[in-house]
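> Take this sequence and fold it.
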Amino acid sequence: MSAEIPVYVDADACPVKAEIYRVAERYGLPVYVVANDVMSVPRDQPQVRLVVVGAAFDAADDWIAERAGPGSIVVTSDVPLASRCVKAGAYVLAPNGRVFSQNSVGMALATRNLMADLRAGGEQVGGPPPFSKKDRSAFLSALDLAVHRARRANPGRGQS
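Numbers count the residues shown, from 1 in each chain. All right, here's what the predicted structure looks like:
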């Protein structure tokens, strides 16, 4: 693996792509925007790469999980993907700034599964709250912290 800190973005429903691009440009980090279909990425930022994986179920998740590991950062709101990436040693963030860790991902997965079971049983359960400016700010702080932690854990990586 190169001396860079890669950022993998589960992009199809990610509301913070612009923020990721700004942080990546500041630190010189490669960003892999992983999606099931073509989407726009900045042409003036060569470190941002679009990866179109096709429409197969979990294709984007599988692509990211196969590459995530120590020293990488993953941005996803998909809890099963977050769990896979945390187990691989990656820093994993949700778009609202929530950090998935060894200590928190198990509870997040259990909650997700409970909510899915309730929905399958016909229960009316609300979705997540609307994305806010506070969420965006929390995400930027969490991403900046993840970059610094990845650099400390892997000296020489992510230095531009």
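
> Could you look up the SS state of residue 8?
Reducing the assignment at residue 8 to three states with DSSP: H, G, I helix; E, B strand; the rest coil gives strand.

> Isn't residue 17 up against residue 33?
Yes: here residue 17 lies in contact with residue 33, judged by C-beta atoms under 8 Å, at a distance of 6.8 Å. C-beta: built from backbone N, CA, C; applies to glycine.

> what touches both of the two?
Residues within reach of residue 17 and of residue 33 at once, by C-beta atoms under 8 Å, 6 or more residues apart in numbering, are 9, 11, 41.

> Now do the same for the first one: its pLDDT.
Turning to residue 9, the model gives it a pLDDT of 98.

> Now do it: how many residues are near it, please.
The number of residues packed around residue 9, counting by other C-beta atoms under 10 Å, is 27.

> give me every residue that touches it.
By C-beta under 8 Å, 6+ apart, the residues touching residue 9 are 17, 20, 31, 32, 33, 34, 74, 75, 76.
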